[in-house]
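# Have a look at this prediction, sequence included:
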Amino acid sequence: MAPSFKVMSLTEAAAERIKRIMADAERPIAGLRVGVKNGGCAGMSYTMEYAEERKAGEDVVEDKGVRVFIDPKAVLFLLGTEMDFQTTKLSSQFVFNNPNQTSACGCGESVAITPANPEALTAAHA
């Protein structure tokens, strides 16, 4: 059996922010759903939404007391990604530190991502 890889990890700041958001939700939330979609000037953008339950085929990452559901179409784009939450003078936002990201647009709303090669990951961890 091939080793299991954690698709994403969370920083303490991201985990704490997700916990606060879930605590303030108006309905029971099982976790946060993360994915990618086509669009934006660089080609793709990250998506996040409340998840009331796990959908078929989703990977589940449990990190620092938070459950994140990964859209199956996004797994290869998100492998190795660290999700952070950063606050600056002008904004507070989730940031994805993604080794598969090749570029981003100037506004920071979209990115170019190359899918990870699962065979290379398996060989590297063998």
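Yep, it's here. Numbering: from 1, shown residues only.
# C-alpha from now on. contacts and neighbour counts both.
OK.
# tell me which helix or strand of this protein sits lowest on mean pLDDT?
Across the helices and strands of the chain, mean pLDDT, DSSP states H and E gives its lowest value to helix 118-124, namely a mean of 50.
# Please report how far the most centrally placed residue in the chain lies from Met8.
Centroid check for the chain by CA atoms, centre = their mean gives Val34 as the closest residue, at 4.9 Å. Distance of Val34 to Met8, computed by CA to CA, to the nearest Å: 10 Å.
# Can I get stretch 91-102 in CSV? Just the C-alpha atoms.
This file holds the C-alpha atoms of stretch 91-102, laid out as CSV (Å, rounded to 0.1, in the frame of the first residue of the first chain):
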residue,chain,number,x,y,z
SER,A,91,-6.3,43.6,4.9
SER,A,92,-6.8,40.2,6.7
GLN,A,93,-6.9,37.2,4.4
PHE,A,94,-6.2,33.5,4.0
VAL,A,95,-3.0,32.9,2.1
PHE,A,96,-2.0,29.7,0.3
ASN,A,97,1.7,28.9,0.3
ASN,A,98,1.5,26.4,-2.6
PRO,A,99,4.7,24.8,-4.1
ASN,A,100,2.7,24.1,-7.3
GLN,A,101,1.9,27.7,-7.9
THR,A,102,3.9,29.1,-10.8
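# per-residue confidence averaged over it?
Mean pLDDT, stretch 91-102: 84.
# How about stretch 6-17?
Stretch 6-17 comes out at a mean pLDDT of 93.
# So Leu78 is in contact with Val7, correct?
Yes - the pair Leu78 / Val7 is scored as a contact, 6.3 Å apart, by CA atoms under 8 Å.
# More neighbours: these two, which one.
Leu78 (28 against 19; other CA atoms under 10 Å).
# Check the more buried one and give its pLDDT.
pLDDT for Leu78: 88.
# Next, it: phi, psi?
The phi/psi pair for Leu78 (degrees, to the nearest 10) reads phi -110, psi -10.
# Next one: it from Ile29, what distance?
For Leu78, the distance to Ile29 equals 22 Å [CA to CA].
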